[in-house]
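Engineer: Coordinates only, no sequence provided:
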């Protein structure tokens, strides 16, 4: 819950910066909220016996798999793992999460083209 609250606080600051023409970014406040987020992320990671470095490494692995030739906006918008084939239904568990079977098929789809 802390992450949700702190994310909301951060987004309020960013929203003002993006949409209110007479508002200048409050960098110290943004830094404070990012620090609050980092605190909660570190708490969760610690509960998993993971470090922030572990999280960064896992994220880099994921991004390297997703963007094999480097990040481009076009690839980000047209991600293969977010597209459904015509008539495809995404199997979900009772909580609405995509099943492992579906997520594994995405990996196969990316490899097969």
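Structural biologist: On my side now, so go ahead. Because the structure is predicted, anything quoted here is derived from the model rather than measured. Residues are numbered from 1 along each chain as shown.

Engineer: Going by C-alpha atoms from here, please, whenever you check contacts or count neighbours.
Structural biologist: OK.

Engineer: residues of stretch 44-61 that come out buried?
Structural biologist: residue 51 (16 or more other Cα atoms under 10 Å).

Engineer: Touching it from outside, list them.
Structural biologist: Residues from elsewhere that reach stretch 44-61 (Cα atoms under 8 Å, 6 or more residues apart in numbering): residue 42.

Engineer: Swap in 10 Å and give it another go.
Structural biologist: With Cα atoms under 10 Å, 6 or more residues apart in numbering as the test, stretch 44-61 has contacts from 3, 38-43, 62-67.

Engineer: Just give me the closest of the residues you listed to residue 31.
Structural biologist: residue 38 (10.4 Å; Cα to Cα).

Engineer: what's the next secondary structure element after the longest helix seen in the chain?
Structural biologist: Criterion DSSP state H: the longest helix present in the chain is helix 27-47. Note on helix 27-47: by DSSP states H and E, the next helix or strand toward the C-terminus is helix 52-66.

Engineer: Output the contacts of stretch 44-61 in a markdown table, with pLDDT appended to each entry.
Structural biologist: Below are the contacts of stretch 44-61 laid out as a markdown table (pLDDT from 0 to 100):
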| residue | pLDDT |
| --- | --- |
| 3 | 93 |
| 38 | 95 |
| 39 | 96 |
| 40 | 95 |
| 41 | 95 |
| 42 | 95 |
| 43 | 94 |
| 62 | 89 |
| 63 | 88 |
| 64 | 88 |
| 65 | 86 |
| 66 | 85 |
| 67 | 86 |
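
Engineer: Which PyMOL command selects the buried ones in those residues?
Structural biologist: The PyMOL command for the buried members of the contacts of stretch 44-61 (criterion: 16+ other Cα under 10 Å) is given here:
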select buried, resi 40+41+42+66
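
Engineer: For the closest residue in space to residue 7 that isn't next to it in sequence, grab the count of nearby residues.
Structural biologist: Spatially, and ignoring its direct neighbours in sequence, residue 7 is nearest to residue 37 (7.0 Å; Cα to Cα, 6 or more residues apart in numbering). Neighbourhood size, residue 37 [other Cα atoms under 10 Å]: 20.
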